[in-house]
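Engineer: 3D model of this:
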Amino acid sequence: MRHHPIKHFLEYVLVLALYYPSQLFSIDATSNFFGVLLEKIGPLLKPSANKRIKRNIGLCFPDFSEEKINKMTRKSWNNLGRFIGEFPHIEKLQGKALWSRVKFEGAHHLDTAIKSGKGCIVFSGHLANWEIIAKTSYEYGIPPALIYRPANNQLINRLILKSRSKSHAGIYPKGAESMRAIFKVLRKKGIAGMLVDQKTNEGLKLKFFGRDAMTTPGPAQLALALDCILLPVVVFRENGANFLLRVEPPLQYEKTGNAEQDAATIMQQINDILERWVLTHPEQWLWLHRRWVEN
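Structural biologist: A predicted model of the protein is given here:
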């Protein structure tokens, strides 16, 4: 990866100029402001990304008219803008400040998983404000270990990690080292959180919205090796900076003796769950991904 010190420094200064001043306002105000702002300027600043969003929506919803695709594209930019406006407030969302904004459903599934004496893998996707998932688990008293994709800009990456400092029990950059660290957490009957809807250059070619999508086998391999619970957790935006967080029943899977096929079966189940979530609120998914092989 090439480093561009001057460019990265200027990017960092710009982010700081948005990040800390945003904390002077309410999360509602910055969510609304950046939602509207990115809806307007996102397509102009990133025309290639805007084109990709439209293409992805068109692939998944072939019956949509151009007008409907354009409308969903605008809403997708709005949701991303809201995420940006909410991010500076994540660190301070504690206690009543969090619980007044998050409707927590299915907590008993999380309680049961923790009491089972097994390791637990919580999986989700980039919907609404996905940072709320780890933050809610932390505030609930069950801090997860997290795998994350580091930002290319290391200065910005440090700021992101600072914002997440009160959301986890350990955070590891994506890669072989992180999988070993998470393996240790799960072997000690801990809880790990993963977002599993991004494209990976390696992995399993499985279906997502009926099209081939390279899918990481990591969660399935860990579950099969350690007899872990796989717990689906999703967050939806209900109204502005207010959220519904839902823990669903654990994924049912079995070992047939064919580890490769078992992993593919589990990850296809996970892709199907992710697809169901996206269909529920398609405007809240991060359509920017090059998610499919044909992208």
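Engineer: From T215, how far out is Q252?
Structural biologist: Computed as CB to CB, to the nearest Å, the Q252 to T215 distance reads 19 Å. C-beta: built from backbone N, CA, C; applies to glycine.
Engineer: nope, A134 is what I was after
Structural biologist: 22 Å.
Engineer: can you check N50 too?
Structural biologist: Distance, N50 to T215, by CB to CB: 26 Å.
Engineer: show me what contacts the residue nearest to the spatial centre of the chain?
Structural biologist: For the chain, the residue sitting closest to the mean C-alpha position, by CA atoms, centre = their mean, is H126 at 3.3 Å. For H126, the contacting residues are L195, D197, Q198, W285, L286, H289, by CB atoms under 8 Å, 6 or more residues apart in numbering.
Engineer: same thing but at 6 Å, please
Structural biologist: Contacts here follow CB atoms under 6 Å, 6 or more residues apart in numbering; on that basis H126 touches D197, L286.
Engineer: which residues in this structure form helices?
Structural biologist: 5-22, 27-45, 47-60, 66-86, 96-99, 107-115, 131-139, 154-163, 176-187, 218-226, 259-280 (DSSP state H).
Engineer: Which one of the ones you listed lies nearest to V247?
Structural biologist: helix 107-115 (4.5 Å; CB to CB).
Engineer: Now do the closest one against helix 131-139, angle only.
Structural biologist: Calculated by axes from the mean of the first three to the mean of the last three CA atoms, to 10 degrees, helix 107-115 forms an angle of 60 degrees with helix 131-139.
Engineer: So for helix 107-115, what gets flagged as buried?
Structural biologist: H109, L110, A113, I114 (16 or more other CB atoms under 10 Å).
Engineer: With stretch 265-276 instead?
Structural biologist: T265, I266, M267, Q268, Q269, I270, N271, I273, L274, E275.
Engineer: do the same with stretch 186-206
Structural biologist: For stretch 186-206, burial by neighbour count (16+ other CB under 10 Å) applies to 186, 190-199, 204, 206.
Engineer: so of the residues you listed, which ones are in strands?
Structural biologist: I191, A192, G193, M194, L195, L204, L206 (DSSP state E).
Engineer: Using JSON lines, lay out these together with pLDDT and distance to L244.
Structural biologist: Below are these laid out as JSON lines (pLDDT from 0 to 100; distance: CB to CB, whole Å):
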{"residue": "I191", "pLDDT": "97", "distance to L244": "21"}
{"residue": "A192", "pLDDT": "97", "distance to L244": "23"}
{"residue": "G193", "pLDDT": "96", "distance to L244": "18"}
{"residue": "M194", "pLDDT": "95", "distance to L244": "21"}
{"residue": "L195", "pLDDT": "95", "distance to L244": "18"}
{"residue": "L204", "pLDDT": "95", "distance to L244": "30"}
{"residue": "L206", "pLDDT": "97", "distance to L244": "28"}
